[in-house]
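Student: Mind looking at a prediction? Sequence and model below.
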Amino acid sequence: MSGNGQKYDLDFLGGRRLRRPRMTGWSRDLVRENVLTPGDLIWPIFVIEGQNEQQPVKTMPGVSRMSIDLAVEAAKAARAEGIPAVALFPNTAADKRSEDGKEALNRDNLVCRALSAIKDAVPEIGLVADVALDPYTTHGHDGVMAGEEILNDETVEILTRQALVQAQSGADVIAPSDMMDGRIGAIRAVLDGEGLERTIVLSYAAKYASAFYGPFRDAVGSGARLRGSKLTYQMDPANAEDAIREVEQDLAEGADWIMVKPGMPYLDICRLIKDRFDVPVFAYQVSGEYAMIAIAAEAGAIDREAAMAESLMAFKRAGCSGILTYFALEMARKLNG
């Protein structure tokens, strides 16, 4: 009705009422364009030394570092809820860190032992292994340094060996997150040369120099160690075409899947890559994104479950095949009722 009591003329709608399909739950279900399932989720897990040991990450409410035995139990819980894969990130002890990150090449290092233990106990779950040197270096960078410079080719040579020991330890997916030039081709060649042709390479092709990584760096123990910034190898948040060039190069070198990191601030990049290349695109809902939702929910500012579900659906709408998220187990349990 108008202000004077007369009925509005809605003939301009041409008989269309866009609200009609939203009126009932069953009709909303029928026309929903995207569906989120536990099979879309990958759960990142932080591992530490010890037995039956948990260390809460204070900047990530609800997230803890776990000793290997508890990580095995976490993988079992993930598999029971239909989560197809977990991703492992080690918090390496200070006495095992060095300028060149050589602990990354130790077949008996923390993450390799975790990979083997989970693969033995839960062989049907996929294991994603991060390839980068920041959990192993004293300076917190993803590569080796000369002065203040990150050395590209010298780093790539180390990363290929790191990828090999991880694959030999049970990793199904090798995920280089370092952003060095040429590392995808080098890693693919080494894996194939060692008879590991079935190992998937998930390239962090579009990894931005982001302010959202802080809690993760605390969780793996590299934050306080970081010397300078990562701007010379991670991408400028202002650039989109740069991501296209990175993806194009990594696919040419043999990447099977592509990762965008962070996630929510870069949904446009996810969609751009999906539309341009039509390959499986993954996104990492990083620690800062998780913390914003978890801490805001603790403060009573938002509904945790609703914000969690909405944020994850946004990745599906942007074209992502899978999402790395610290909400994975919680979300899967919600979806499973």
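Tutor: Sure thing, it's come through.
Student: Report the contact partners of Leu191.
Tutor: Counting by Cβ atoms under 8 Å, 6 or more residues apart in numbering, Leu191 touches Ala163, Leu164, Ala167, Ile174, Glu197, Thr199, Val201. From N, CA and C alone the C-beta is placed, and that goes for glycine too.
Student: got a markdown table for these, with secondary structure, pLDDT and distance to Ser321 too?
Tutor: Conversion of the contacts of Leu191 to a markdown table gives the following (DSSP: H, G, I helix; E, B strand; the rest coil; pLDDT from 0 to 100; distance: Cβ to Cβ, whole Å):
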| residue | secondary structure | pLDDT | distance to Ser321 |
| --- | --- | --- | --- |
| Ala163 | helix | 98 | 22 |
| Leu164 | helix | 98 | 26 |
| Ala167 | helix | 98 | 22 |
| Ile174 | strand | 98 | 17 |
| Glu197 | coil | 97 | 21 |
| Thr199 | coil | 98 | 18 |
| Val201 | strand | 98 | 15 |
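Student: Which single one of these is nearest to Ala121?
Tutor: Checking those against Ala121 by Cβ to Cβ gives Ala167 as the nearest, at 18.6 Å.
Student: What about Thr37, how many residues nearby?
Tutor: Taking other Cβ atoms under 10 Å as the criterion, the count of residues near Thr37 is 14.
Student: So the nearest residue to it once chain neighbours are set aside versus Lys102, what's the distance?
Tutor: The spatially closest residue to Thr37, leaving aside those adjacent along the chain, is Leu335, at 6.4 Å (Cβ to Cβ, 6 or more residues apart in numbering). Using Cβ to Cβ, to the nearest Å, one gets 42 Å for the distance from Leu335 to Lys102.
Student: Ok, Leu36 next?
Tutor: Distance, Leu36 to Lys102, by Cβ to Cβ: 41 Å.
Student: what do you get for Ile244?
Tutor: Plainly put, Ile244 is 35 Å away from Lys102 if you go by Cβ to Cβ.
Student: same question, Asp69
Tutor: Between Asp69 and Lys102 the distance is 26 Å, computed by Cβ to Cβ.
Student: Same question for Met145.
Tutor: Counting by Cβ to Cβ, the gap between Met145 and Lys102 amounts to 14 Å.
Student: Then Ala238?
Tutor: For Ala238, the distance to Lys102 (Cβ to Cβ) stands at 36 Å.
Student: Give me the more crowded residue out of these two.
Tutor: Ranked by neighbour count (other Cβ under 10 Å), Ala238 and Lys102 place Lys102 first, with 18 against 7.
Student: wait, what's in contact with the residue lying closest to Ala206 once chain neighbours are set aside?
Tutor: Leaving aside its sequence neighbours, Ala206 sits nearest to Ala243 (Cβ to Cβ, 6+ apart; 3.9 Å). Residues touching Ala243, when contacts are defined by Cβ under 8 Å, 6+ apart, comprise Ala205, Ala206, Met235, Val260, Ile269, Leu272, Ile273.
Student: I'd like those as CSV, with pLDDT appended.
Tutor: Written out in CSV, the entries for the contacts of Ala243 read as follows (pLDDT from 0 to 100):
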residue, pLDDT
Ala205, 97
Ala206, 98
Met235, 96
Val260, 98
Ile269, 98
Leu272, 98
Ile273, 98
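Student: Low-confidence stretches in this structure?
Tutor: In the prediction, the chain carries residues with pLDDT under 70 at positions 1-13.
Student: those strands in this structure, which residues are they?
Tutor: Assigned strands in the chain, in chain order: 41-48, 54-56, 64-67, 85-90, 126-131, 145-146, 149-150, 173-176, 200-207, 257-261, 281-285, 322-325 (criterion: DSSP state E).
Student: Relative to Pro280, how far out is the nearest residue to Phe277 once chain neighbours are set aside?
Tutor: Spatially, and ignoring its direct neighbours in sequence, Phe277 is nearest to Val247 (6.1 Å; Cβ to Cβ, 6+ apart). In this view, Val247 and Pro280 are 12 Å apart by Cβ to Cβ.
Student: who has more neighbours, those two?
Tutor: Taking neighbours as other Cβ under 10 Å, Val247 and Pro280 compare with Val247 leading, 24 against 17.
Student: What separation do you get for that one and Arg183?
Tutor: Going from Val247 to Arg183 by Cβ to Cβ gives 14 Å.
Student: on that earlier part again, in JSON lines, list the contacts of Ala243 along with distance to Gly223 and neighbour count.
Tutor: Putting the contacts of Ala243 into JSON lines (distance: Cβ to Cβ, whole Å; neighbours: other Cβ atoms under 10 Å) gives the following:
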{"residue": "Ala205", "distance to Gly223": "24", "neighbour count": "28"}
{"residue": "Ala206", "distance to Gly223": "22", "neighbour count": "29"}
{"residue": "Met235", "distance to Gly223": "20", "neighbour count": "22"}
{"residue": "Val260", "distance to Gly223": "22", "neighbour count": "28"}
{"residue": "Ile269", "distance to Gly223": "25", "neighbour count": "27"}
{"residue": "Leu272", "distance to Gly223": "30", "neighbour count": "21"}
{"residue": "Ile273", "distance to Gly223": "28", "neighbour count": "29"}
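Student: Tell me the one of these nearest Gly14?
Tutor: Minimum separation from Gly14 among those (Cβ to Cβ) is found for Leu272, which lies at 34.2 Å.
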